[in-house]
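A.B. asks: take a look and give me a structure for this.
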Amino acid sequence: MVLNYNKNKFLKHRKRYIKGSKFDKKKLKNGSYFIKSLENGRVTANQIEAGRKIMQRVVKIYGGTVHVYIFPTFSVSSKPTEVRMGKGKGKIKFWGCSIKKGQVIYEVSDAFRIPPQVLDKVFKQVSSKLSVLTKKIEY
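C.D. replies: Reported below is the predicted structural model:
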């Protein structure tokens, strides 16, 4: 996943609390299976990419496409331990994305070729890579 730093107005962001929920009332655009979050939280770019790679590996065998609906838009910075106060905010540790309850994360289109047992196994692996609770929904 290539991050474009020029799209952000500020390189280092403030820490924000993730409140509320985001229930998508619209129907699915492309596929018939998708992963939806069950809680608010923060997902890193590495977690998003790991989940995408697992899904892509299986979908490539049977046919179909994977759609990712989240993108890491804010940076998380931290200073090393035992450093005195002042002298800036610290280096960027990782890039992340805030997830709200009910938000669609991944979607698989043309999944009718993939056996249901394989899809269940793949979605379980993907949900173990993410730091928020997720649920597989069939449409």
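A.B. asks: which of the helices or strands spans residue 97?
C.D. replies: strand 91-99 (DSSP states H and E).
A.B. asks: looking at the protein, which helix or strand is least sure?
C.D. replies: strand 74-78 (a mean of 87; mean pLDDT, DSSP states H and E).
A.B. asks: just checking: what are the partner strands of that one?
C.D. replies: Strand 74-78 sits in its sheet next to strand 91-99 (antiparallel), going by DSSP bridges.
A.B. asks: need the contact partners of the strand it pairs with.
C.D. replies: By CB atoms under 8 Å, 6 or more residues apart in numbering, the residues outside strand 91-99 that reach it are 3, 11-12, 16, 18, 37, 40-46, 48, 70-79, 105, 132. Heads up, the C-betas are built off the backbone N, CA and C, glycines and all.
A.B. asks: tell me which residues of that strand come out buried.
C.D. replies: Neighbour counts over strand 91-99 (16 or more other CB atoms under 10 Å) mark 95, 96, 97, 98, 99 as buried.
A.B. asks: per-residue confidence for the residue lying farthest from the centre of the chain?
C.D. replies: Distance to the chain centre peaks in the chain at residue 84, reaching 34.4 Å (criterion: CA atoms, centre = their mean). Confidence at residue 84, expressed as pLDDT, is 91.
A.B. asks: ok, back up a step: buried set for the least confident helix or strand of the chain?
C.D. replies: Within strand 74-78, judged by 16+ other CB under 10 Å, the buried ones are 74, 75, 76.
A.B. asks: how close does the closest residue to the second one other than its chain neighbours sit to residue 20?
C.D. replies: Spelled out, it's residue 75. Closest residue to residue 75 apart from its sequence neighbours, by CB to CB, 6 or more residues apart in numbering: residue 92 at 4.6 Å. For residue 92, the distance to residue 20 equals 27 Å [CB to CB, to the nearest Å].
A.B. asks: quick one, longest helix in this structure?
C.D. replies: Ordering each helix of the chain by length in residues (DSSP state H) puts helix 45-62 first.
A.B. asks: so that helix versus strand 74-78, what angle?
C.D. replies: 130 degrees (axes from the mean of the first three to the mean of the last three CA atoms, to 10 degrees).
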